[in-house]
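K.L.:
Return a 3D structure for these sequence lines:
(2 chains)
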Amino acid sequence: QQQVKQSPQSLIVQKGGISIINCAYENTAFDYFPWYQQFPGKGPALLIAIRPDVSEKKEGRFTISFNKSAKQFSLHIMESQPGDSATYFCAASTLAGNQFYFGTGTSLTVIP
Amino acid sequence: DAGVTQSPTHLIKTRGQQVTLRCSPKSGHDTVSWYQQALGQGPQFIFQYYEEEERQRGNFPDRFSGHQFPNYSSELNVNALLLGDSALYLCASSPTSRVSGNTIYFGEGSWLTVV
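P.N.:
Down below sits the predicted model:
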C-alpha cells in the first residue's frame, strides 16, 4: 500500500514557467513532509520541508503548499530553469518516526 | 563538513552471492537508515540503526541485515542475492536531536547489479 501518492509521473515545463507536483497521504499521524530532488546517478537531496502547523513555506523559487484537511501537499517551482530538470520525490514521516515514506517520483524536464 | 559517504559506488554480483555495503554518516549524526531504490521508484525503507541496535525495520526479508559501529558508521549486508535485489542502495543519516527535527540526509548511493 502506497502511503504517499504522487502525481504527475512526468512533467514538461517551458523555461520561466511554474512546475507543480502534487502529493496526497492518508495517515494523519504524519507531521513532517519533505521534498527531495534527485539528479541521475545521485542520491536524493533535501530541497524543502514543511510541518502541518503552517499552510505554506517558501524558500527562494521553491514553495510547499499544505492542505491539512485534504491531506494534500504540493511543490511549486517558480521561474523553472533547465537546471531544475530532475526527479522530485515527496515524502512523509512522523516527527518522532524512524521511517520515511516516499512517493513514486516526478520526472521534471524544463525546456530552454 | 563531510556529508554521508557510501562505498562502493557500483558493484556487480552473481545470484546467490552475498554483498556488504558501507556508510559513514554526516558529521554530528548518530542515526543511520538504509533505503532501497529500484529503477524508477521512490526509496523504500529497509531499516534504521541507532546506538548500534536496529531500531526499526521495513518490509524486507531477513536476507537483509545490518550493523552499526561505535563510530556510527554502518554496513548493510544482503545474503543469497536475487535478481530483484538490483537497485540503488541509499544510506541516510540524521541527528537524534528533536530540536533539528528528523530531517534525513542521503549519500550518493551504491548501485548493485545482480546477474
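
K.L.:
For stretch B:5-15, buried residues please.
P.N.:
Buried residues in stretch B:5-15, defined by neighbour count with 16 or more other Cβ atoms under 10 Å in any protein chain shown: B:6, B:13. Using the backbone N, CA and C atoms, a C-beta is placed for each residue, glycine as well.

K.L.:
ok, residues contacting it?
P.N.:
Where contact means Cβ atoms under 8 Å, 6 or more residues apart in numbering or on different chains, the residues beyond stretch B:5-15 that reach it are B:19, B:21-24, B:81-83, B:89-91, B:107-115.

K.L.:
Quick one: end-to-end distance for that stretch.
P.N.:
For stretch B:5-15, the first and last residues are 26 Å from each other (Cα to Cα, to the nearest Å).

K.L.:
Over to stretch A:22-38?
P.N.:
For stretch A:22-38, by Cα to Cα, the gap between its terminal residues amounts to 17 Å.

K.L.:
Excluding chain neighbours, what is closest to the residue of chain B found nearest chain A?
P.N.:
Of all residues in chain B, the one sitting closest to chain A is residue B:42 (3.3 Å; Cβ to the nearest Cβ). The shortest distance from residue B:42 to any non-neighbouring residue, by Cβ to Cβ, 6 or more residues apart in numbering or on different chains, is to residue A:102 (3.3 Å).

K.L.:
shouldn't the one you found be in contact with residue A:87?
P.N.:
No: here residue A:102 lies out of contact with residue A:87, judged by Cβ atoms under 8 Å, at a distance of 11.0 Å.
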